[in-house]
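Q: Below are the sequence and a predicted model; questions follow.
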Amino acid sequence: MIAVWVSLILAADITFTAYVSDNDIRLDQRVRYTVKVQGDRGGLPDVSFPDFKDFYVLSGPNQSTNMQWINGKMSSSKSYSFILKPRREGRLTIAAASMDNNGTLMKTRPVTVTVRPAGSGDKKKKNTVDPALEGKKIFFKAIPSKTSAYVGEQIIVEYKLYFNINIQTYEVEKLPSNTGFWTEEFDLPRQPEIKSEVINGMNYNVVTLKKVALFPTQSGEITLEPMEIITQSVVRGRARSRSLFDSFFDRPGRTIQTPVKTNTIRFKVKALPARGKPDGFKGAVGNYSLEVAADKSDIPVNEAVSLKIVLKGSGNMKLVELPVPSIPPDIERYEPKIQTRVSKNKRGIGGVKSAEYILIPRVPGTFRLKPLSFSYFDPQKGSYVTLNSRPIVLKISGEARPGQPTPLGGVSRREVTLLGRDIRFIREQTRLQPVEDSANGAVPVGLAYCAVLLLFALFFYYDTRQARLAGNVQLSRRLKAGRQANRWLKDATRHIEGEAGAFYKAIDEALSGYVRDKLNMELSSFNSDEIDKYLREHRVSPELVKRFSGVLNESRFRQYGGADDNAGNRGKLLEQARDLITQLEKVL
């Protein structure tokens, strides 16, 4: 359906939109005007509709209400639609709709419709936003946050699938090689959120299939190759009916496979400027802050003190090098414990990188640790920034006693290796035991040896089996088919009282995916409409094939609506699917 976005107003938990089905029509044509209210609570406000003075109201308001519980969170929506026919030619404006949201007046923006003379030819619409999407039902696009960057500056690329047909599933055919980039991938939900975008006057469902942060490693022009996928969608057929009862037994639609790929993106990567580059610069690009601190400053001799260096900010935290402190020779320093925590959010990649040094002073006195510095390039400012810490002063009390064991002051740290730990002292007293007494312990020792040999044999069997599976992809896929199907069934269980589409899609994926995996068939060569034939070829009983097809067709049909959809019927369908997979496990 063609749709024109008119307004999107957010007020706390309410979304208020208005749009028309077409903004360029003839005098003898009709247009659908829709007002939609969405929120995360029930009892949405009532809407005051505009005066359709330039239109005949043929139908409306036609109201539809939807309420969902997903993962314990409620969402609801109300839509009001009118069928309108223009009274005259020209640019006609539908005034704003309004509503009262807890004392706040909310309004949509006016909608303008261009009306041409009756009988005139269709006007070809201009591609004002994105020519690549004109007239297409499905499109795959890579959207970068920028196309010009410095070496080491992060670029966020989102791979979005636009569609206004019923897509059942997809399979990745080719991933971009990302040559010339260090890559960090974002974690996306297993079932991506479907949003709505209007492009070129056309309403698309949009899902983000992949999101990555790219860090250029070289200057010049770098090309990001396309990502390719194959989508599997259901198209409802319109076959001619031969009898009154045919419509009751029609398939939900035919399945088609559509290969799509993203656009090629060319980035212009600038080298970091040589002018103003600090001597201690080690390639960090982004925005950072530096903290250096000791957990105490007044300590006795031979007691441990912790020196922490913490770097926070946005950038490639895994490649950032922390500054190394200069420690006086009278203070013993152990190898640092380095930790990196990467955070991924809407703003990009960032996080925290820290190093903890354990220091043990061996002599008394006052020691001054030199300030640390960290330099980075800020791409927003286009210049270098140097951060400097404050000096740290340690006051050591007590006396140095050579040969005295090193106390740790009650601090228990794995990083500290105690002196003399590798020395075994000579025992001054030895307790001897008669030889005949040692025979009493032979049985436990023998049992212990047998247990060790048994564990070794089990480990050898497991390791050999895993190596065999790794070298035989088809065998591994067949053995894991049942587990993969059970994952989808568990997913269906979570949606048994939630979104209908998610529940029936999980049932569909469990059944069709199980057959694909068991028969080692790729999605590109798998035709779900001929699944009965595949099962019969592998000597599955006709009765079991019939039951399998019935449950599969019902799950696909109900993904797009259907009567008698409730938690009880969903539970029955789930049990049928689980029983079918159990029966097929005995045959395939």
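A: Looks like it arrived, so ask away.

Q: Now do the helix or strand hosting residue 81: everything it contacts.
A: Residue 81 is part of strand 73-86 when elements are defined by DSSP states H and E. By C-beta atoms under 8 Å, 6 or more residues apart in numbering, the residues outside strand 73-86 that reach it are 25, 27, 29-42, 44, 47, 49, 52, 54-68, 92, 113, 115. All C-beta atoms are positioned from the backbone trio N, CA, C, and that covers glycine.

Q: Can you give the distance of the first helix or strand past that strand going along the chain from its chain's centre?
A: For strand 73-86, the following helix or strand on the C-terminal side (DSSP H and E) is strand 90-94. The chain centre lies 43 Å from the centre of strand 90-94; the measure is C-alpha atoms, centre = their mean, to the nearest Å.

Q: on contacts alone, who are the packing partners of the next helix or strand after strand 90-94?
A: Using DSSP H and E, the helix or strand that follows strand 90-94 in sequence is strand 98-101. Contact analysis of strand 98-101 by 3 or more C-beta pairs under 8 Å, 6 or more residues apart in numbering; DSSP states H and E lists strand 47-48, strand 104-107 as its packing neighbours.

Q: What strands line up against strand 98-101, and which way round?
A: strand 47-48 (antiparallel), strand 104-107 (antiparallel) (DSSP bridges).

Q: Would you mark the buried spots in that strand?
A: Under the neighbour-count criterion of 16 or more other C-beta atoms under 10 Å, strand 98-101 has 98-99, 101 buried.

Q: cool, stretch 494-504 as well?
A: For stretch 494-504, burial by neighbour count (16+ other C-beta under 10 Å) applies to 495, 498, 500-504.

Q: mind checking the end-to-end distance for it?
A: Terminal residues of stretch 494-504 are spaced 12 Å apart (C-alpha to C-alpha, to the nearest Å).

Q: I'd like to know the average pLDDT value across it.
A: Stretch 494-504 shows a mean pLDDT of 84.

Q: next one: stretch 461-477
A: 63.

Q: Stretch 309-321 too?
A: For stretch 309-321, the per-residue pLDDT averages 91.

Q: What's the separation between the residue nearest to residue 507 when sequence neighbours are not counted and residue 568?
A: Excluding the flanking residues, the one nearest residue 507 by C-beta to C-beta, 6 or more residues apart in numbering is residue 555, at 4.0 Å. As defined by C-beta to C-beta, to the nearest Å, residue 555 lies at a distance of 16 Å from residue 568.

Q: of those two, who's got more company?
A: Ranked by neighbour count (other C-beta atoms under 10 Å), residue 555 and residue 568 place residue 555 first, with 26 against 10.

Q: can you pull the contacts of that one?
A: So residue 555 contacts 504-505, 507-508, 511, 573, 577 (C-beta under 8 Å, 6+ apart).

Q: rerun that using 10 Å as the cut-off
A: Applying C-beta atoms under 10 Å, 6 or more residues apart in numbering to residue 555 gives the contacts 252, 492, 503-512, 570, 573-574, 576-577.

Q: where's it, which helix or strand?
A: helix 542-558.

Q: ok, and for that helix, which residues are buried?
A: 544-545, 548, 551-558.

Q: what do you get for stretch 284-296?
A: Neighbour counts over stretch 284-296 (16+ other C-beta under 10 Å) mark 284-288, 290, 292, 294 as buried.

Q: as a whole number, average confidence for it?
A: 93.

Q: now do stretch 330-341
A: 90.

Q: all strands for the stretch 301-450 of the chain, in order.
A: Using DSSP state E, counting those that start in this stretch, the strands of the stretch 301-450 of the chain run over residues 305-315, 331-333, 337-345, 348-361, 365-369, 373-378, 383-388, 392-397.

Q: Report the backbone C-alpha coordinates of the first one in PDB.
A: Meaning strand 305-315. In PDB, the C-alpha atoms belonging to strand 305-315 read as follows (Å, rounded to 0.1, in the frame of the first residue of the first chain):
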ATOM      1  CA  VAL A 305      49.600  -1.200  47.200                       C
ATOM      2  CA  SER A 306      47.400  -1.200  44.100                       C
ATOM      3  CA  LEU A 307      48.000   1.300  41.300                       C
ATOM      4  CA  LYS A 308      45.100   1.500  38.800                       C
ATOM      5  CA  ILE A 309      45.100   3.100  35.400                       C
ATOM      6  CA  VAL A 310      41.600   3.500  33.900                       C
ATOM      7  CA  LEU A 311      40.900   4.700  30.400                       C
ATOM      8  CA  LYS A 312      37.200   5.400  29.400                       C
ATOM      9  CA  GLY A 313      35.700   6.700  26.200                       C
ATOM     10  CA  SER A 314      34.500   5.900  22.700                       C
ATOM     11  CA  GLY A 315      36.700   4.300  20.200                       C
END
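
Q: Tell me the helices and strands packed up against that strand.
A: Contact here means 3 or more C-beta pairs under 10 Å, 6 or more residues apart in numbering; DSSP states H and E; on that basis strand 305-315 packs against strand 286-294, strand 331-333, strand 337-345, strand 348-361, strand 373-378, strand 392-397.

Q: How much space separates residue 491 from residue 516?
A: If you go by C-beta to C-beta, the gap between residue 491 and residue 516 works out to 17 Å.

Q: Many thanks, we can stop here.
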